[in-house]
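>>> What follows is a predicted protein model with its sequence.
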Amino acid sequence: MDKLIILGAGTSINNSPSGYLLQYRNKNYLIDCSEDIRSRLKKINVDYFDIDFIFISHFHPDHFNVETLIQSQMVRNYREKKNKVLNIYGPPEIGERLEKIWDVKHFPGHFKNNLPNFVKINMTEYENEKKITFDYLNLTPFAVEHGNMPAFALKFEFNKKTLVYSGDSKDCQGLKDACQNADTLLLDTNDKINSLDSPTGHLNAITAGSIAKDSCSKQLILTHLTGENSEKELIDAVKSSGFEGEITIASDFLFLDL
């Protein structure tokens, strides 16, 4: 059964920060990678060495903290002598940023000259609304607004179904375009429940509901939650927007059939 597993439904200050595992046709696609993702994968009996694809929505560290996972794969490959390939996708400059972070934590030139001996990393930058095709799965990134940070919503299409992950985003045209007629929306709901215009570049439960309603989407999953509101408060806020589809409040280690 194909699944979406919530590895982190919280924020940088409560519960586990962002991380989602899409399992489709026996492949593991990791969507955002925050700290301690390896131990969270272990709790759901997924071998971190089997992560071959990582999709990063933006560069804030509660979404982009991949070097610890790479370090684990590198040391494991050093011991087991396997041909490990890791494919990482993200906003423009993701390769340059990761190389700088890696070399600061190792030594200059390690990323290009030493790491490939153990883990071959393929880096791909998103282009707005340019589809990326995999075996049986397509990904289309949509540029969204999140302060001054380059950020993308991610639209996955597979088995005649659509899953859209907002990343961190305020209510903007790019996000609305990504969400059109989706089967499942996984939307950032980090802003205060009654905020009219987010100063932080996030959605709240009401705006998430409005986007789900206007996009004619079937299911809405609220995530990136602060913990300040009860499930009932969040659901009531979504319903106040007029959305009549299925509403799910994300929690760590929640398994969802797709």
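Cool, the structure landed.

>>> can you map out the strands along the chain?
Assigned by DSSP state E, the chain shows strands spanning 3-8, 19-24, 27-33, 53-55, 84-90, 119-125, 132-134, 137-144, 151-158, 161-165, 184-188, 219-223, 246-249, 255-257.

>>> What's opposite Thr184 in the beta bridge?
Thr184 has these beta-bridge partners by DSSP bridges: Leu163, Gln219.

>>> now it: how far from Leu163?
Applying CB to CB, to the nearest Å, the value for Thr184 to Leu163 is 5 Å. C-beta here means a position set from N, CA and C on the backbone, and glycine is covered the same way.

>>> So these two - more neighbours on which side?
Between Thr184 and Leu163, Leu163 has the larger neighbour count (other CB atoms under 10 Å), namely 25 against 22.

>>> What distance do you get for the more buried one to Leu115?
Taken as CB to CB, the span from Leu163 to Leu115 is 31 Å.

>>> and if you look at Val85?
Taking CB to CB as the measure, Val85 falls 12 Å from Leu115.

>>> Contact partners for Asp183?
Residues near Asp183 by CB atoms under 8 Å, 6 or more residues apart in numbering: Lys161, Thr162, Leu163, Ser217, Lys218, Gln219, Leu258.

>>> Share the number of residues neighbouring the last one, please.
Summarising burial for Leu258: neighbours were counted as other CB under 10 Å, giving 17.

>>> Just say which of the strands of the chain is most tucked in.
Highest mean neighbour count among the strands of the chain (mean count of other CB atoms under 10 Å): strand 184-188, with a mean of 27.

>>> Please identify every residue contacting each of Val85 and Leu115.
Common neighbours of Val85 and Leu115 are listed as Ile121 (criterion: CB under 8 Å, 6+ apart).

>>> thinking again about what came up before, quick one: which of the strands of the chain is nearest Met74?
Distance to Met74, taken as CB to CB, is lowest for strand 119-125 among the strands of the chain, at 5.0 Å.

>>> Run the angle between the closest one and strand 84-90 for me.
In terms of direction (axes from the mean of the first three to the mean of the last three CA atoms, to 10 degrees), strand 119-125 departs from strand 84-90 by 20 degrees.

>>> starting at the chain centroid, how far to the longest helix along the chain?
For the chain, the longest helix by residue count, based on DSSP state H, is helix 67-80. Centre-to-centre, helix 67-80 and its host chain are 22 Å apart (CA atoms, centre = their mean, to the nearest Å).

>>> Likewise for stretch 148-160?
Offset of stretch 148-160 from its chain centre (CA atoms, centre = their mean): 8 Å.

>>> export it as PDB, just CAs?
The C-alpha coordinates for stretch 148-160 follow below in PDB (Å, rounded to 0.1, in the frame of the first residue of the first chain):
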ATOM      1  CA  ASN A 148      12.800  36.700   1.500                       C
ATOM      2  CA  MET A 149      13.600  32.900   1.400                       C
ATOM      3  CA  PRO A 150      13.400  31.100  -2.000                       C
ATOM      4  CA  ALA A 151      10.600  28.600  -1.300                       C
ATOM      5  CA  PHE A 152       8.600  26.000  -3.300                       C
ATOM      6  CA  ALA A 153       5.400  24.100  -2.900                       C
ATOM      7  CA  LEU A 154       5.700  20.600  -4.300                       C
ATOM      8  CA  LYS A 155       3.100  18.900  -6.400                       C
ATOM      9  CA  PHE A 156       3.500  15.100  -6.700                       C
ATOM     10  CA  GLU A 157       1.400  13.100  -9.300                       C
ATOM     11  CA  PHE A 158       1.300   9.300  -9.200                       C
ATOM     12  CA  ASN A 159      -1.200   6.600  -9.900                       C
ATOM     13  CA  LYS A 160      -3.700   9.200 -11.100                       C
END
